[in-house]
Structure formats: C-alpha cells, structure tokens
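In: sequence unavailable; structure follows:
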C-alpha cells in the first residue's frame with residue numbers, strides 16, 4: 001500500500017514538474033519573440049543611410065533579429081545598460 005501511495009505521489013510530482021517546464025518554455029519563447037519584434041521595429045525605424053553606417057541592409061533585418069547569438073549578447077551585455 002505504501003508503495004502505491006509513493007508511486008502515485010511520484011507521478012503527480014512528475015506531472016506538476018512537466019507542467020512547470022512547459023510554462024517556463026512558453027514564457028522563454030514569448031520573451032524571445034518580443035525581443036525579435038523589438039529589434040525588427042528599431043532597425044526598421046532607421047534610415048537607409050543609418051543602416052549603411054552599421055553595415056546592414058533592409059533585407060538583412062529579418063535574419064539579424066532572429067540570430068540567437070545577437071539576442072544573447074544584447075540581453076547579457078551589462079556594459080551598455082543606460083547608454084544605448
């Protein structure tokens with residue numbers, strides 16, 4: 001009987017942890033989509049001359065906004081906080 005109770009508790013705990021993982025994944029994906037949209041919006045506001053100055057074209061905006069290493073660098077670079 002004790003083994004059945006422990007097994008049931010284990011299944012319940014695993015199901016709850018799985019649900020929490022799913023929610024965390026959903027929130028992470030939501031933050032990433034938000035960062036992509038903000039990046040695209042900011043780059044689209046720039047003039048063609050400004051884009052040329054930083055070395056990208058309008059056609060590159062979509063791929064630049066979705067590059068994982070660029071997003072990670074922007075989110076973790078503490079040195080630029082308050083300056084950009």
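Out: Yes, it's here. If you're wondering where the values come from, they're calculated on a predicted model, not measured in any experiment.
In: pull out the buried residues from stretch 28-37.
Out: 35, 36 (16 or more other Cβ atoms under 10 Å). C-beta: built from backbone N, CA, C; applies to glycine.
In: what's the mean pLDDT across it?
Out: Per-region confidence: stretch 28-37 scores 92 on mean pLDDT.
In: and for stretch 12-20?
Out: Along stretch 12-20, the predicted local confidence has a mean pLDDT of 86.
In: what do you get for stretch 57-73?
Out: On average, stretch 57-73 scores 77.
In: which residue is the nearest non-sequential neighbour of residue 56?
Out: The shortest distance from residue 56 to any residue that is not its chain neighbour, by Cβ to Cβ, 6 or more residues apart in numbering, is 6.2 Å, and that residue is residue 64.
In: Three-state assignment for the one you found, please.
Out: Secondary structure of residue 64, reduced to three states by DSSP: H, G, I helix; E, B strand; the rest coil: helix.
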